[in-house]
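*Asks:* dropping a prediction and its sequence here:
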Amino acid sequence: MIVTRLDDTQLRTHVDELAALLVDTVDSGASVGFLAPLDHAEAAAWWTGRADAVATGQLAVWAAHDGPRVIGTVSLAFTGQPNGGHRAELVKLMVHRDVRGRGLGRRLLATAEGAAVAAEITLLHLDTETDSPAEHLYRSAGWTRAGVIPDYAADPAGTPRPTTLYYKHVGGGTPTG
Ligand SMILES: CC(C)(COP(=O)(O)OP(=O)(O)OC[C@H]1O[C@@H](n2cnc3c(N)ncnc32)[C@H](O)[C@@H]1OP(=O)(O)O)[C@@H](O)C(=O)NCCC(=O)NCCS
C-alpha cells in the first residue's frame, strides 16, 4: 500500500476509485458533506470538481492505493486570503470500511501534517462530527478541541448533528494570542 499526492491529472485518472471511497464513507454513516444514499456519478462529479483547485495549488489531495483501488484519502485546503497564508484546513480524511482500524487514518493524517510543515503552514484546523471515531484520532495526534457548534451539519440520514472544531500548531507554530 502506498500513499501518493495526486496532481490534477492523476485526480481525474482516479476519480472513479475516489468516488467509490466517498460513497462507502457516506454509506458508513460518516458526516463528510453528503446525504445518503450518495450516487456514484454525483460523487465522481464532486471529485472532478476538485481538479481545478488541485491544479492551482489551493487543494492538496493524497490517495492511499492498494493496487488499482483507492482505500483512503485526505486533503489540505489552503486559504486564498492574504492574511491566512499560514493556515490550512484538513478535509475529507476517509478510510474505506474494509481497512479501518489498521493505522491508515493515522498515516494519512501524518502525511498531510508533514506536507503542511513543508509548505510552511503553521496552523491546521478541521471540523468533525462530535463523538465520531475521528475525534479519538485527532485528539491522540495532538489536536486541540476548540469547541462545539450544535446542529452544524446533517448526518447522512438527514439528522442535524453537532460539529467539533479542532486546531493544531505545526512546524514550530506557537500561539501568539
Ligand atoms: C476516522 C477514520 C479516518 C479513521 O481511520 P482508520 O484507518 O480506521 O484509523 P486508524 O486505524 O489509524 O486509527 C486511528 C485511531 O483511531 C482509533 N479508532 C479507529 N476507529 C475507531 C472507532 N470506530 N472507535 C474508536 N476509536 C477508533 C484507533 O483505535 C486508533 O487509535 P489508537 O492508535 O489509539 O488505537 C475512519 O474511521 C473513517 O474514514 N471514518 C469516516 C470518515 C470520517 O469520519 N472522517 C473524518 C472526517 S473529519
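*Replies:* Here it is on my side, so go on. Numbers count the residues shown, from 1 in each chain.
*Asks:* what sits against T4?
*Replies:* Counting by Cβ atoms under 8 Å, 6 or more residues apart in numbering, T4 touches Q10, W62, A63, H65. For glycine as for every other residue, the C-beta is placed from the backbone atoms N, C-alpha and C.
*Asks:* ok, now with 7 Å
*Replies:* By Cβ atoms under 7 Å, 6 or more residues apart in numbering, the contact set of T4 is W62, A63, H65.
*Asks:* correct me, but Y138 touches Y166?
*Replies:* Yes - applying Cβ atoms under 7 Å, one finds Y138 in contact with Y166, separated by 5.1 Å.
*Asks:* what sits in contact with each of the two?
*Replies:* Common neighbours of Y138 and Y166 (Cβ under 7 Å, 6+ apart) are T128.
*Asks:* so which strand or helix has the residue in the chain that the ligand sits nearest to?
*Replies:* Sorted by distance to the ligand under Cβ to the nearest ligand atom, the residues of the chain start with G105, at 2.3 Å. G105 is part of helix 104-118, with elements assigned from DSSP states H and E.
*Asks:* can you list the strands that the helix or strand following that helix pairs with?
*Replies:* Following helix 104-118 in sequence order, the next helix or strand is strand 123-129 (DSSP H and E). As defined by DSSP bridges, the strand partners of strand 123-129 come to strand 87-95 (parallel), strand 160-169 (antiparallel).
*Asks:* ok, the nearest residue to T130 once chain neighbours are set aside - contacts?
*Replies:* Among residues not flanking T130 along the chain, P162 sits closest, at 4.1 Å (Cβ to Cβ, 6 or more residues apart in numbering). Contacts for P162 (Cβ under 7 Å, 6+ apart) come out as T130, V148, I149, P150, D151, Y152.
*Asks:* then D66?
*Replies:* Going by Cβ under 7 Å, 6+ apart, the list of residues near D66 reads M1.
*Asks:* rewinding a little: alpha carbons only: can I get the helix holding G105 in CSV?
*Replies:* Output of helix 104-118 as CSV, limited to C-alpha atoms (Å, rounded to 0.1, in the frame of the first residue of the first chain):
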residue,chain,number,x,y,z
LEU,A,104,-4.2,4.1,7.7
GLY,A,105,-6.1,7.0,9.1
ARG,A,106,-3.2,7.9,11.3
ARG,A,107,-0.8,7.6,8.5
LEU,A,108,-2.8,9.8,6.2
LEU,A,109,-3.1,12.4,8.9
ALA,A,110,0.6,12.3,9.5
THR,A,111,1.2,12.7,5.7
ALA,A,112,-0.9,15.8,5.5
GLU,A,113,0.6,17.3,8.6
GLY,A,114,4.1,16.7,7.3
ALA,A,115,3.3,18.3,3.9
ALA,A,116,1.8,21.3,5.7
VAL,A,117,5.1,21.8,7.6
ALA,A,118,7.0,21.5,4.3
